[in-house]
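Visitor: coords please:
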Amino acid sequence: MRAVLCGYYGKGNGGDEALLATLLQMLPAQVKPLVLSGNPEETQLRYGVPACDRFSASAVLQALRQSEAFIWGGGSLMQDVTSPMSPLYYGGVMRLAQQMGLRTIAWAQGIGPLNRSLTRWITRTSLQHCTAVSVRDGGSASLVAEWGIPFILAPDPVWALEPEPVPGLWDLPAPRIAIALRPHPYLTSERLHIFTKALIDFQKATQTFVLLIPFQPIQDLAIAQTLHAALPDVSQILTLTQPRQLRGVFRGVEMVIAMRFHGLIMAAAAECRCFAMNYDPKVRQLMQELDFRGWAIDQMPSDPAVICRDWMELYANGSSLSSHQISAIVDRALIHREVLEKALVNSGASG
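Guide: Here you go, the predicted model:
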């Protein structure tokens, strides 16, 4: 069976690449993937699977004609906060696949926010005609339940991504902390300046080495460079393009301060202490579910000393998830693999 995998792939976002790597890890052995990618050559080289241009209508149509299944491959594909174009694209390709008779799976979805009636309608209609639906958080589950659509709820599949070691990591000074920030309107230059002052004070007090990790370099690198310039001798920017290495880097880290959703998941899965900077409902829900410390970006303290004190408290006295808790979450995340197995191998139903 050939399955088309559709997500925000080939766009340089570490979290979405991690979702693709996990989906390929969980895909049943008898299913041959074909990835719709923003950079097909890079995707083929990195994962060793065929890929085609997600923006080429003829290539997408040909991929669907050659396939028996279509998978939305995880993440916040159906949301209109960034742009209404996202649900229009993903919903359009999903409905085309359904009309062509492919089995269709909405896999590990984080649905919403959906602030427009059109995007809500597109999302609901797409999901109603899916062979199988799995979601990764309670908010998405509530919305799909409200629409009366059968679904499976399980933690984000990246919890189960197999890590790989990062060459040279253990040669860097220890103990280490990691920072994973991203641009956002609430992260103003003034707030970033306050954050930087707090980080300088925290580093001096703890004598930690700071790993600056841009999850999406085209967006995040400038912030990492700003922080590195303030801590030139005690920090290093790590730009990791292999998702398993991105997952593995947190094995060598004591604590993470992150906005990036999958940065928090990867760190928590590696038994790091996590301090979250909430900019999105998915981060807020993760904080609530796992009792992470942190604050919303727009409520960040204006006094660097207060910020430093919060971080120091977590570093000195805070705890990570236990290995038992992590194992339980990973086991539940593997439910997404069962969804694929049932819909693609054990089911004779068509989408």
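Visitor: so where does Ser140 fall, helix or strand?
Guide: For Ser140, the element it lies in under DSSP states H and E is helix 138-146.
Visitor: hmm, I typed the wrong one, I wanted Arg95.
Guide: With DSSP H and E as criterion, Arg95 is part of helix 85-99.
Visitor: now Lys282
Guide: Using DSSP H and E, Lys282 falls in helix 281-290.
Visitor: picking up where we left off before, flag every buried residue along the helix holding Ser140.
Guide: Residues of helix 138-146 classed as buried: Gly139, Ser140, Ala141, Leu143, Val144 (neighbour count, 16 or more other CB atoms under 10 Å). Every C-beta, even on glycine, is put in place using the N, C-alpha and C of the backbone.
Visitor: hmm, the second one is touching Ala108, no?
Guide: No - when contacts are counted by CB atoms under 8 Å, Ser140 is not listed as touching Ala108 (9.7 Å).
Visitor: could you pull out the helices for this structure?
Guide: 14-26, 40-47, 57-65, 85-99, 117-128, 138-146, 189-206, 217-230, 243-248, 261-269, 281-290, 304-317, 323-333, 335-341 (DSSP state H).
Visitor: still on that earlier bit, CA atoms of the helix holding Lys282 as CSV?
Guide: The C-alpha trace of helix 281-290 is given here as CSV (Å, rounded to 0.1, in the frame of the first residue of the first chain):
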residue,chain,number,x,y,z
PRO,A,281,-3.1,27.2,23.6
LYS,A,282,-1.2,24.0,22.9
VAL,A,283,1.6,25.2,25.2
ARG,A,284,-0.8,26.2,27.8
GLN,A,285,-2.5,22.8,27.7
LEU,A,286,0.8,21.0,28.0
MET,A,287,1.7,23.2,31.0
GLN,A,288,-1.6,22.3,32.7
GLU,A,289,-1.4,18.5,31.9
LEU,A,290,2.2,18.1,33.1
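Visitor: on that earlier part again, quick one: distance of the helix holding Arg95 to the chain centre.
Guide: 21 Å (CA atoms, centre = their mean, to the nearest Å).
Visitor: and that helix, C-alpha only, in CSV?
Guide: What follows is helix 85-99, C-alpha atoms only, in CSV (Å, rounded to 0.1, in the frame of the first residue of the first chain):
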residue,chain,number,x,y,z
MET,A,85,-4.5,29.5,4.1
SER,A,86,-3.3,26.5,6.3
PRO,A,87,-6.7,24.9,6.7
LEU,A,88,-7.7,25.8,3.2
TYR,A,89,-4.6,23.9,1.8
TYR,A,90,-4.7,20.9,4.2
GLY,A,91,-8.5,20.6,4.1
GLY,A,92,-8.5,20.9,0.3
VAL,A,93,-6.0,18.1,-0.2
MET,A,94,-7.8,15.9,2.3
ARG,A,95,-11.2,16.4,0.6
LEU,A,96,-9.6,15.6,-2.8
ALA,A,97,-8.1,12.4,-1.4
GLN,A,98,-11.5,11.5,0.1
GLN,A,99,-13.3,12.1,-3.2
